[in-house]
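Participant: any chance you can model this:
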Amino acid sequence: MADAKLWILVGNASRARLFATDAKAEADWSLVEEFHHDESRAKSEFLRDQPDNPNAGTLHGPPGENEPQGRRELEHERFARELSGVLDRGHDRHAFDKLVIAAPPEFLGRLRKALSTRVRQRVLLDVGSDYSTVPARDLPERVPLL
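Facilitator: Numbers count the residues shown, from 1 in each chain. Have a look, this model is predicted:
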């Protein structure tokens, strides 16, 4: 599998970068695509006044979509599903043989849940760290491939 195609997804709940390389650790990474989910970062929208909700702040269930925390979680899940769809399409095109994912632990958990079984079977490694702001040239030093 020395010539295996490897994809590396590096991101967090609001942005991600997808790189391709071969399975050799010394190979260069090439950027395939960048993704932005501005809705996950729109904190001012999450924190603005919400309509009165008689169940807000009670133990009647998880935060609703209209509550700041519930809206944020919903957007994080949407972005995880969006990225999962990209990986599914890449799998269907045989664009990669193995996959490495680096994301903060909470978002990594969301991604794992969103991945299809066929993509999940291609995951070589997942790293619970946020490297979304690390320059692309420095990523190979931070994200282990072997």
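
Participant: going forward, measure contacts and count neighbours with C-alpha atoms only.
Facilitator: Will do.

Participant: give the next helix or strand downstream of the helix or strand hosting G109.
Facilitator: Element membership for G109 (DSSP states H and E) is helix 105-114. Sequence-wise, the next helix or strand downstream of helix 105-114 (DSSP H and E) is helix 117-120.

Participant: what comes up buried for that next one?
Facilitator: V119, R120 (16 or more other Cα atoms under 10 Å).

Participant: check stretch 107-119 too.
Facilitator: Those buried within stretch 107-119 under the rule 16+ other Cα under 10 Å are F107, L108, R110, L111, R112, A114, L115, V119.

Participant: now do the contacts for the closest residue to A80 other than its chain neighbours.
Facilitator: Closest residue in space to A80, ignoring its immediate chain neighbours: L111 at 5.0 Å, by Cα to Cα, 6 or more residues apart in numbering. Under the criterion of Cα atoms under 8 Å, 6 or more residues apart in numbering, the contact list for L111 reads A80, R81, L83, S84.

Participant: please apply the same query to H94.
Facilitator: Neighbours of H94 in contact, by Cα under 8 Å, 6+ apart: none.

Participant: the one 3 residues further on too?
Facilitator: Contacts here follow Cα under 8 Å, 6+ apart; on that basis D97 touches A4, K5, L6, W7, H91, R122.

Participant: with P144 instead?
Facilitator: By Cα under 8 Å, 6+ apart, P144 has no neighbours at all.

Participant: buried ones among the contacts of D97?
Facilitator: Among those, the ones that count as buried by 16+ other Cα under 10 Å are K5, L6, W7, H91, R122.

Participant: inside helices: which ones of these?
Facilitator: H91 (DSSP state H).

Participant: using CSV, lay out the buried ones among the contacts of D97 together with distance to E75 and pLDDT.
Facilitator: Formatted as CSV, the buried ones among the contacts of D97 follow (distance: Cα to Cα, whole Å; pLDDT from 0 to 100):
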residue, distance to E75, pLDDT
K5, 30, 92
L6, 28, 94
W7, 24, 96
H91, 24, 97
R122, 26, 97
